[in-house]
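**Q** need a structure here:
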Amino acid sequence: MKAFEKQAKTLALIVKSSTKISNPATQSAILDEINETVRVAKIMPERRKQLLRIMHLARGLETSARAIVDANGIVLSNDKKNLGGYLSALANHGTPIIPQNMKKECYDRVARLRNRVAHGAGQYPTGNLQVDSAFTSVYNCLSIMLR
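**A** Residues are numbered from 1 along each chain as shown. Below is the predicted model of the structure:
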């Protein structure tokens with residue numbers, strides 16, 4: 001089993017064991033996004049696989065963050081209902097759910113990268129190191145959010 005697959009399985013266990021996401025459909029959707037990061041392993045060319053992994057990681061993180069925001073009764077205006085807005089809300093909550101440095105790390109390594117590759121023709125992650133870095137950020141952020 002490759003390292004990425006092992007990490008994804010561990011992340012899935014964190015999501016499954018958390019009581020913070022009470023809606024089974026939401027939890028299932030997050031788990032599906034995590035599992036998609038593994039299912040794309042054989043896709044070629046490599047840059048396409050990397051692009052898909054970033055998109056699925058970002059979608060899983062955004063859905064998780066939105067669920068935690070909702071579970072904590074945090075109300076956001078429509079223009080803040082995005083990954084950056086959810087991360088900010090979690091970091092700026094009365095009792096912060098994630099630390100500021102985690103918010104910045106996830107925003108820089110996941111949200112910005114996702115935005116760049118999703119909204120720019122011909123834009124792809126620069127390599128596996130960038131994808132691995134994004135995965136580590138998602139892993140760290142979800143580990144804290146879901147504890």
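**Q** for the rest of this, base every contact and every neighbour count on C-alpha atoms.
**A** Will do.
**Q** and stretch 8-18, what's buried?
**A** 8, 9, 11, 12, 14, 15, 16 (16 or more other CA atoms under 10 Å).
**Q** for the record, mean pLDDT for the strand or helix carrying the second one?
**A** So that's residue 9. Assigned by DSSP states H and E, residue 9 belongs to helix 3-17. Helix 3-17 carries an average pLDDT of 94.
**Q** just checking, what packs against that helix?
**A** helix 24-39, helix 128-145 (3 or more CA pairs under 8 Å, 6 or more residues apart in numbering; DSSP states H and E).
**Q** of all those, which lies closest to residue 80?
**A** In terms of CA to CA, the element of the helices and strands packed on helix 3-17 nearest to residue 80 is helix 128-145, at 18.6 Å.
**Q** give the full set of residues in contact with the residue nearest to residue 53 when sequence neighbours are not counted.
**A** Leaving aside its sequence neighbours, residue 53 sits nearest to residue 37 (CA to CA, 6 or more residues apart in numbering; 4.9 Å). Residue 37 makes contact with 8, 52, 53, 56, 57, according to CA atoms under 8 Å, 6 or more residues apart in numbering.
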